[in-house]
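Undergrad: Got a sequence here, can you build the structure:
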Amino acid sequence: MKHLDELEEHYTSVVGAEPEFGTMTSTEGTTVGIFRWPKGSSRMEVNFYASAGISVPGPAGRSHSHTVEVFCGVNHDSPQMLEAFANLVSNMVCSDTPHPARHGVFVAGDWEVIEGRRFTGWVLTERADDLLPDLQLKDGRHVTFLDALPVFPEEAEFRYGNRADELLGMWEEWEVKSWDLDRELHPSLRKSKASRLVAALRRRRR
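TA: Down below sits the predicted model:
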């Protein structure tokens, strides 16, 4: 069985439906595979995306015995969301980091990761509820599936000085729904209008 066939079979058994499959070329020019389940087509009850091939043997530590794939469930399905997820997957495929991504890793930038939204990065997490169980590939390698959660710039700034679990704990306290792209920022991270203006001016000068 081919590598991607193993992934698709695993996704289908967990998500409860066969996915749509397509490839997208990211803004960096890398073509990546994406599995997609529109809302209502599976038991997930959201629009669900999953990567197809980060774990293919190659650079970025993907030849290690332990590797990863990522997924994301959101309430909005749009070309912008699909492109944003494809760019995340592309960044991970092209990364020259010698070890695979893991819980708490932050993928960030000073740009909108989803066009029309205020999110400027992603935090990768291993879900406690084991939504997508790990997969043992036939070649002996072990795949962990990380939930990719979009984050606001204020959350990104908080994450730089703290552990990811502290941010996730804040979300749990505030009952943040990670799948809701219209969610609000935690009150403790909200900045004054003046602070936001200063931050915006600094970004423009870069």
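Undergrad: The protein: strands as residue ranges?
TA: 20-25, 31-37, 47-52, 66-74, 106-108, 121-125, 135-136, 142-151 (DSSP state E).
Undergrad: Give me the sheet partners of the third one and which way each runs.
TA: Strands flanking strand 47-52 in the sheet, each with its direction: strand 31-37 (antiparallel), strand 66-74 (antiparallel) (DSSP bridges).
Undergrad: Now do it against strand 20-25, angle only.
TA: 70 degrees (axes from the mean of the first three to the mean of the last three C-alpha atoms, to 10 degrees).
Undergrad: What average pLDDT does strand 47-52 get?
TA: Per-region confidence: strand 47-52 scores 95 on mean pLDDT.
Undergrad: on that earlier part again, highest mean neighbour count out of the strands paired with strand 47-52?
TA: strand 66-74 (a mean of 22; mean count of other C-beta atoms under 10 Å). Using the backbone N, CA and C atoms, a C-beta is placed for each residue, glycine as well.
Undergrad: So what touches it?
TA: 7, 44, 46-55, 61, 81, 85, 88-89, 92, 100-102, 124, 132, 141-150, 178-181 (C-beta atoms under 8 Å, 6 or more residues apart in numbering).
Undergrad: hmm, which of these are the buried ones?
TA: 7, 44, 46-55, 61, 81, 85, 88-89, 92, 100-101, 124, 132, 141, 143-150, 178-179, 181 (16 or more other C-beta atoms under 10 Å).
Undergrad: residue nearest the centroid of this structure?
TA: Centroid-nearest residue in the chain: Ala148, 2.3 Å away (criterion: C-alpha atoms, centre = their mean).
Undergrad: so who does that one touch?
TA: Ala148 neighbours (C-beta under 8 Å, 6+ apart): 70-72, 85, 88, 107, 122-124.
Undergrad: Which single one of those residues is nearest to Ser188?
TA: Among the contacts of Ala148, Val123 lies closest to Ser188 (C-beta to C-beta), at 17.0 Å.
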